[in-house]
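Engineer: I would like the atomic coordinates for the input below:
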Amino acid sequence: MNENVRRMFDLGDDVAIVTGAGRGIGEGIAHALAGAGAAVVCAARRADEVERVASDIRASGGRAIAVPTDVTDDDAVRSLCQRAIDEFGSLDILINNAGGSPIQTPLVDLPREEWDATMRLNLTSIWVCTNTAARMMRDGGRIVNISSKAAVSTVMGSGHYAAAKAAVNSLTMTYAKELGPRIRVNCIMPGAVPTEIMMKAMRLEEGDLPRLEKILRLPMRRLGTPEDLGLAALYLVSPASSWVTGQIIGIDGGL
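Structural biologist: Next comes the predicted model:
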């Protein structure tokens with residue numbers, strides 16, 4: 001590979017926080033960033049899951065620590081960002097991936113507490129994490145929000161989740177203008193990636209996936225993987241995308 005091209009994807013001087021890093025898309029992103037040389041702080045509520053991901057990264061020769069974190073807790077988010085700096089010396093990248101909702105029901109039947117919980121996890125946490133990290137990042141920081149194709153389409157039974165993700169798209173564009181040029185902010189909208197949360201929300205079993213592929217009729221003829229999303233995130237935080245900010249990109253196999 002041309003050495004200049006290699007440098008364009010080198011994160012060897014960077015420290016990244018990935019929320020929701022214990023499984024699924026977050027795990028895929030954590031591995032991709034570590035593979036490009038970044039020191040990765042794996043954050044999620046389930047301690048055993050982030051410990052496993054961080055351990056796997058270290059076993060592969062990368063740098064990673066696990067910091068169990070509830071991103072809906074302001075103090076926990078501040079501690080997370082400070083831990084990244086204390087452990088690795090800086091904070092350069094934030095991946096706001098934590099989110100989801102296991103509930104599928106019409107909006108008129110949705111309990112108020114579920115609406116509030118969905119907004120806290122999928123929207124308010126991104127506001128808190130971004131504000132906190134932006135104050136502590138070095139110049140040249142990068143933030144990537146993980147939204148969903150539900151933000152730009154109608155998903156029956158998931159209106160609360162879709163509304164939160166649509167707001168994430170809006171936040172992305174505003175933050176890009178407010179934080180630039182010191183920090184770049186972009187957003188990925190994953191399509192159908194059979195993570196644990198997606199499977200639970202759609203009430204799917206492993207054996208349902210071939211039927212889902214046929215129903216979706218994706219041009220790429222397959223569902224997505226955490227690795228697909230990891231490589232997209234890698235581009236958006238790498239020097240290769242240095243003139244890219246405020247963008248909302250669908251990574252969805254053509255959905």
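Engineer: Where do the strands of the protein begin and end?
Structural biologist: Listed in chain order, the strands of the chain (DSSP state E) span residues 15-19, 39-44, 63-68, 93-96, 141-146, 183-190, 248-251.
Engineer: got TSV for these, with mean pLDDT and distance to residue 106 too?
Structural biologist: In this view, the C-beta of every residue, glycine as well, is placed from N, C-alpha and C. Below are the strands of the chain laid out as TSV (pLDDT from 0 to 100; distance: least, C-beta to C-beta, whole Å):
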stretch	mean pLDDT	distance to residue 106
strand 15-19	98	29
strand 39-44	98	30
strand 63-68	98	35
strand 93-96	98	28
strand 141-146	98	25
strand 183-190	98	23
strand 248-251	97	26
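Engineer: looking at these, which is closest to residue 226?
Structural biologist: strand 183-190 (9.3 Å; C-beta to C-beta).
Engineer: residues touching the residue lying closest to residue 249 once chain neighbours are set aside, list them.
Structural biologist: Setting aside the residues directly before and after it, residue 249 is nearest to residue 188 in space (C-beta to C-beta, 6 or more residues apart in numbering), at 5.6 Å. Counting by C-beta atoms under 8 Å, 6 or more residues apart in numbering, residue 188 makes contact with 144, 145, 146, 147, 229, 232, 233, 236, 248, 249, 250, 251.
Engineer: a markdown table for those, including neighbour count and distance to residue 55?
Structural biologist: Shown next, in a markdown table, are those (neighbours: other C-beta atoms under 10 Å; distance: C-beta to C-beta, whole Å):
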| residue | neighbour count | distance to residue 55 |
| --- | --- | --- |
| 144 | 26 | 24 |
| 145 | 24 | 27 |
| 146 | 28 | 23 |
| 147 | 28 | 29 |
| 229 | 26 | 21 |
| 232 | 21 | 25 |
| 233 | 28 | 21 |
| 236 | 22 | 26 |
| 248 | 18 | 33 |
| 249 | 15 | 31 |
| 250 | 18 | 32 |
| 251 | 19 | 27 |
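Engineer: any chance of the residues you listed in a markdown table, with distance to residue 16 too?
Structural biologist: Below are the contacts of residue 188 laid out as a markdown table (distance: C-beta to C-beta, whole Å):
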| residue | distance to residue 16 |
| --- | --- |
| 144 | 10 |
| 145 | 14 |
| 146 | 14 |
| 147 | 19 |
| 229 | 15 |
| 232 | 15 |
| 233 | 9 |
| 236 | 12 |
| 248 | 20 |
| 249 | 18 |
| 250 | 23 |
| 251 | 18 |
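Engineer: Tell me where the model's unsure across the protein.
Structural biologist: Within the chain, the segments meeting pLDDT under 70 span 1, 195-205, 208-210, 212-214.
Engineer: how about a cut-off of 80?
Structural biologist: By pLDDT under 80, the weakly predicted segments of the chain are 1, 194-216, 220.
Engineer: mind checking the longest helix of it?
Structural biologist: Counting by DSSP state H, the longest helix found in the chain is helix 159-179.
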